[in-house]
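# What follows is a predicted protein model with its sequence.
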Amino acid sequence: MKAKALPTFLYLIVALLLTSFSDPYAIKRISDANYRYEFYTTTKKPNPKSDKVYYWFKGGLIHNAQGGIAGELIDAKFVKMYHSNQLAEQGFFKKGLKVGLWKTWYSNGTIETTQKWSNGLKSGKFYHYDTNGLLIENGNFKNNKKHGVWIDYTAKDSIVYNKGVIFVKKPKPSKEEIAKLKEEKKKASAAKKAAKEEEKAKKATTKGNKKPSESKPKKEGFFKKIFNKKQSNQK
């Protein structure tokens, strides 16, 4: 009886060990009405930053929030597909944050967007294509904000951003405006010169009208004093 029971006991031990040491990064597969998802998770939980969006898995669904975590963080490779098995989105996560190059596709297989991410923030070149694969927009992100020249090929227009704010260049002055500015500068210079000349003339007039100061009696020299004293004693 004991010899027959031993293998069963061993099987139970092995099963428990396999359950205890199962891979925490085992791939997860879920789906909704429009897409199927394949991804990995990690139980590591860093201190969330308030300016970053974290993605996690809980209750059979993928969730995200800015500056918050409430489940297993999505980690490593992430794939989203249409139910036709066509790729819809692909990229990488690191502890719930998007990193590296991310791509999205239309249902016909044509690339839709490409975007670089750095530690959960958009950083680098962004390209947007239409369903035929023609580029319709491109630009650059810096710390999750549009920065530099953004080109809209459909509208045939471009906008310059400075850290998310539209940068407006001052319009160049016309020839008439430049001539007017030169004339105003010339007049201002002439008026300044005339004022200096007038001040100079006033000073000269004031100096000419001054009465000559009465001459002060010269002090007698040392030898003259002795001579005068000698003559006084002789008298």
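Sure thing, it's come through. All of these numbers come straight from a predicted model, not from anything done at the bench.

# List the buried residues in the one helix or strand residue 114 maps to.
Per DSSP states H and E, residue 114 falls inside strand 111-118. Neighbour counts using 16 or more other CB atoms under 10 Å place 112, 114-118 of strand 111-118 among the buried residues. C-beta coordinates here come from the backbone N, C-alpha and C atoms, glycine included.

# Tell me the helices and strands packed up against whatever helix or strand comes next after that strand.
Taking DSSP H and E as the definition, the helix or strand that follows strand 111-118 towards the C-terminus is strand 121-129. Counting contacts by 3 or more CB pairs under 8 Å, 6 or more residues apart in numbering; DSSP states H and E, strand 121-129 is packed against strand 111-118, strand 135-142.

# Save those strands as JSON lines, and put in mean pLDDT and distance to residue 86 too.
Converted to JSON lines, the helices and strands packed on strand 121-129 look like this (pLDDT from 0 to 100; distance: least, CB to CB, whole Å):
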{"stretch": "strand 111-118", "mean pLDDT": "97", "distance to residue 86": "12"}
{"stretch": "strand 135-142", "mean pLDDT": "97", "distance to residue 86": "21"}
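
# and residue 44, which of those is closest to it?
Each of these was checked against residue 44 via CB to CB, and the shortest separation belongs to strand 111-118, namely 19.0 Å.

# And the strands in the chain, which stretches?
For the chain, the strands defined by DSSP state E cover 28-31, 35-42, 53-58, 61-66, 72-82, 87-94, 97-105, 111-118, 121-129, 135-142, 145-146, 148-152, 157-162, 165-166.

# contacting residues for residue 144?
By CB atoms under 8 Å, 6 or more residues apart in numbering, the contact list for residue 144 reads 51, 121-123.

# Which neighbours in the sheet does the strand holding residue 114 have, and how are they oriented?
Neighbouring strands of strand 111-118 in its sheet, by DSSP bridges, are strand 97-105 (antiparallel), strand 121-129 (antiparallel).

# closest one to residue 56 among the ones you listed?
With respect to residue 56, and counting by CB to CB, the nearest of those is strand 97-105 at 10.9 Å.

# List the buried residues for that closest one?
Under the neighbour-count criterion of 16+ other CB under 10 Å, strand 97-105 has 97-99, 102, 104-105 buried.

# just stretch 162-176 next, same as before
Of the residues in stretch 162-176, none count as buried by neighbour count, 16+ other CB under 10 Å.

# first vs last residue of it, how far apart are they?
32 Å (CA to CA, to the nearest Å).

# Relative to the whole chain's centre, how far out is it?
Between the centre of stretch 162-176 and the centre of its host chain there is 20 Å, according to CA atoms, centre = their mean, to the nearest Å.

# Now do that stretch, average pLDDT.
Per-residue pLDDT over stretch 162-176 has a mean of 81.

# got the contact list for it?
Contacts to stretch 162-176, defined as CB under 8 Å, 6+ apart, come from residues 142-143, 145-147, 159-161, 181.

# among those, which two are most distant?
143 and 181 (39.6 Å).

# what are the phi and psi angles of the residue positioned nearest the centre of the chain?
Of all residues in the chain, the one closest to the mean position by CA atoms, centre = their mean is residue 163, 4.3 Å from it. Dihedral pair for residue 163: phi 60, psi 50, per degrees, to the nearest 10.

# for this structure, what's the longest helix?
Ranked by residue count and defined by DSSP state H, the top helix of the chain is helix 175-208.

# Would you mind listing the buried residues in that helix?
Buried-residue list, helix 175-208, by 16+ other CB under 10 Å: empty.

# What of stretch 32-49?
Applying a neighbour-count criterion of 16+ other CB under 10 Å, one finds 36-37, 39-42, 48 buried in stretch 32-49.
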